[in-house]
Every structure is written in C-alpha cells, then in structure tokens.
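Chemist: Next one to model:
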Amino acid sequence: MNAVAGGGSFVVFPALLFTGVAPIPANASNNVALWFGIVASGGAYRRHLNLSRRILIPMLLASVVGGLGGAILLIHTPTHTFLRLIPWLLLGATLLFAFGRQFTGRLPGEISHDASRPALAGVSFLELIVAIYGGYFGGGIGIMNLALLSALGMTDIHAMNALKVVFVGVINGVAAVTFVVMGVVAWAQTLVVLLGALCGGFAAAHYAQRLPQSIVRDVVICIGAGMTVYFFVRAYL
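Modeler: Model (predicted):
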C-alpha cells in the first residue's frame, strides 16, 4: 500500500491494537516498523534533491526538533486521552489522504535560495508543526510535507517526493529512536510488521506500476474511513 498509494498506517496501527498492543506502544511500534520502508525508498530520489542548503538545513533541524518533541509528547500522553484522540487523528489522516492532491496543488507562495531570514524562519516553523504531528502520530505526514513544499512554490513532483522522503525519514527516524530508548516498542509485533513491510516493499518495487493506483487509493480511503468510524464508536460509545 505504501509503495503504490500510501496509507499503510491505516492497516498496521489498527492491526497492532487488535492483537492486544496498548495504543501508545502500538503507535510507537508502527512508527519503528514502517520507518525502514521510508529509508529504503529514499535511494530512488537522490538525484532529485536540489533544494539549497540555506533552506534545507533549517527545515531539517525543525524536523529533528519536531519529531523528538512529538514523540516525547506521545509518551507522556495518558492512554485514555490518546484513545479519545485516535479517531480524530485517523479522521484527519484519512481526509488528508483523500483530498491531499487538491490541497497540494492550490497553495500560493514561493521561497527561493535568496529568501529572507523571516521567510526562512516562517518555513522552518511550519515544518516544525508538521514534524511535531509526525512524531506524535504520523498518519498523513507525507501529504502534509508535500502540501508545505507546494506552498513554497515547488512544482517538480519528483523533487517534492525526494524532499518528502528526507523530511519524513528524519521525523520518523528521530521518533523511532526516542521510542526505542524509552522502551515503548512492542518488539515481537514490530519485527513481524517489519518483515512484512520489507517483503511488501520488495514486491512492490517490481509490480507497483502494474496496479491501478486509483483502485488502491479507494481501498486505502475505505480502510481509513472504516477504522475512523470504529474508533469513534470505541472511544465515545
């Protein structure tokens, strides 16, 4: 799903919950397991990394700080509070997945290599907000980063995807290290998901382009919507 259309968290996170993993360890384990797939996909986009260091470095620093802050915030969130937040987080992620393409194509603005310091500060702050969300939950974070890059005036989808992989990889990587150090990862389930993610990613590298992406996207949206309804019922009824 991640290789073809994204949305793998809509399956992995609920699956971990259904197998008895507590909500916060389930979210942490989902982050750790799927991070390897993000890193594995990065090599294909290396030649498209063309954002100047003057812009890239502040955004990377914001990604590190935000990813760490979001992960720490998750760890210190009471379980009953997180249970009530889950359906809202899933709803937001599902809407981002469903309508993200329209959103990323309609944001104004542009930033160049000679942008002013206030402009760089503003962009870094926006990336910080995205990174905090990514460290805390992560569903739909790729779409959020694409939206931000589009707002900066980028139009080359390959370059945008390259930067998205970098930023999401950094955010999730920092969060994953935090979760491992704090001991909130359910390793037995994480290793199973990790193995599945690697096998799925390897297979998708050969067959993803043959699949009808519109159908896969519809399936992902249906799963996300179904999980959202389920967790609203579970949390509030």
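Chemist: Next, the contact list for the residue positioned nearest the centre of the chain, please.
Modeler: Nearest to the geometric centre of the chain sits Ile141, at 3.4 Å (C-alpha atoms, centre = their mean). Neighbouring residues of Ile141 by C-beta atoms under 8 Å, 6 or more residues apart in numbering: 130, 133-134, 168, 171-172. For glycine as for every other residue, the C-beta is placed from the backbone atoms N, C-alpha and C.
Chemist: Can you list the helices and strands that the helix or strand harbouring Val181 packs against?
Modeler: Using DSSP states H and E, the element containing Val181 is helix 157-182. Applying 3 or more C-beta pairs under 8 Å, 6 or more residues apart in numbering; DSSP states H and E, we find helix 157-182 packed against helix 23-40, helix 53-75, helix 117-136, helix 141-151.
Chemist: sorry, back to before: which of the contacts of Ile141 are buried?
Modeler: Buried members of the contacts of Ile141, counted by 16 or more other C-beta atoms under 10 Å: 130, 133-134, 168, 171-172.
Chemist: which one among those residues gets closest to Gly7?
Modeler: Val168 (13.7 Å; C-beta to C-beta).
Chemist: doesn't Tyr133 make contact with the closest one?
Modeler: No - using C-beta atoms under 8 Å, Val168 is not in contact with Tyr133; the gap is 11.4 Å.
Chemist: Tell me what angle the helix or strand of the chain with the lowest mean pLDDT forms with helix 23-40.
Modeler: The weakest-scoring helix or strand in the chain, judged by mean pLDDT, DSSP states H and E, is helix 141-151 (a mean of 76). With axes from the mean of the first three to the mean of the last three C-alpha atoms, to 10 degrees applied, the angle from helix 141-151 to helix 23-40 works out at 60 degrees.
Chemist: so how far is helix 141-151 off the chain centroid?
Modeler: Offset of helix 141-151 from its chain centre (C-alpha atoms, centre = their mean, to the nearest Å): 11 Å.
Chemist: how far does stretch 14-27 sit from the chain's center?
Modeler: 18 Å.
Chemist: Endpoints of that stretch, how far apart?
Modeler: End-to-end distance of stretch 14-27 (C-alpha to C-alpha, to the nearest Å): 9 Å.
Chemist: wait, which of the buried ones among the contacts of Ile141 is closest to Thr19?
Modeler: Asn172 (21.6 Å).
Chemist: For the nearest residue to that closest one once chain neighbours are set aside, give me its contacts.
Modeler: The spatially closest residue to Asn172, leaving aside those adjacent along the chain, is Trp35, at 4.6 Å (C-beta to C-beta, 6 or more residues apart in numbering). By C-beta under 8 Å, 6+ apart, Trp35 lies in contact with 169, 172-173, 176.
Chemist: And Trp35, how far from Val216?
Modeler: The gap separating Trp35 from Val216 is 22 Å, by C-beta to C-beta, to the nearest Å.
Chemist: And Ala26, by the same measure?
Modeler: Distance, Ala26 to Val216, by C-beta to C-beta: 24 Å.
Chemist: the more surrounded of these two?
Modeler: Applying other C-beta atoms under 10 Å to Ala26 and Val216 shows that Ala26 carries more neighbours, namely 26 against 17.
Chemist: so the more buried one sits right up against Gly20, yeah?
Modeler: No - using C-beta under 8 Å, Ala26 makes no contact with Gly20, being 9.3 Å away.
Chemist: Quick one: neighbours of Leu16, just the number.
Modeler: 24.
Chemist: give the contact list for it.
Modeler: Applying C-beta under 8 Å, 6+ apart to Leu16 gives the contacts 25-26, 29-30, 186, 189, 193.
Chemist: Dump these to CSV, plus pLDDT and distance to Met227.
Modeler: Supplementary listing: these in CSV, determined by pLDDT from 0 to 100; distance: C-beta to C-beta, whole Å:
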residue, pLDDT, distance to Met227
Pro25, 95, 18
Ala26, 94, 12
Ser29, 94, 16
Asn30, 91, 13
Ala186, 95, 19
Gln189, 94, 17
Val193, 90, 16
